[in-house]
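Visitor: got a structure for you, letters missing:
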């Protein structure tokens, strides 16, 4: 029984490692490490309950303590693309932006985009600097730069 549980934990660790390589989500790798710890517990003669406890404790401890640090360094050089890259960009209002009247346009990279203010009660005047806070469909949601 000890050898079969050792093999099962090894297979679980390998499968979770492969899943991590395919997804790069920094989730299943911690469970793969937990499976290796459970496998070591199996080799040491621990019963199935002990192995499961080792798996859960090691996986959880590593997940909650190491993952935030690892995610910070691994994903730090990811560049935003497409719509995500627009948020935070500063532009100039081409026309008045007034949500109550349903008007507003900004120029961005030679194209004119529809724009709306983040606050319905605020009118942004043509020529004022705005920053994109989000994108909804083909409309930029902006707020005045202070």
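Guide: It's in. As the structure is a computational prediction, the values presented were derived from the model and not from experiment.

Visitor: Could you list the buried residues of whichever helix in the chain runs longest?
Guide: Secondary structure of the chain per DSSP state H: the longest helix is helix 48-74. Within helix 48-74, the residues scored as buried using 16 or more other Cβ atoms under 10 Å are 51, 54, 55, 58, 59, 62, 63, 67. (C-beta placed from N, C-alpha, C; glycine too.)

Visitor: Report the spatially closest residue to the last one, excluding sequence-adjacent ones.
Guide: Spelled out, that is residue 67. Using Cβ to Cβ, 6 or more residues apart in numbering and skipping residues adjacent in sequence, the residue nearest residue 67 is residue 26, 5.6 Å away.

Visitor: ok, residues contacting stretch 93-105?
Guide: 106-107, 112-117, 119-120, 123-130, 142 (Cβ atoms under 8 Å, 6 or more residues apart in numbering).

Visitor: Which ones among those map onto strands?
Guide: Residues from the contacts of stretch 93-105 lying in strands, with DSSP state E as the criterion: 106, 107, 112, 113, 114, 115, 116, 117, 129, 130, 142.

Visitor: Spit out the contact partners of the first one.
Guide: To tie it back to what came earlier, the one meant is residue 106. Contacts of residue 106 (Cβ under 8 Å, 6+ apart): 91, 92, 93, 94, 97, 112, 113, 115, 130, 140, 142.
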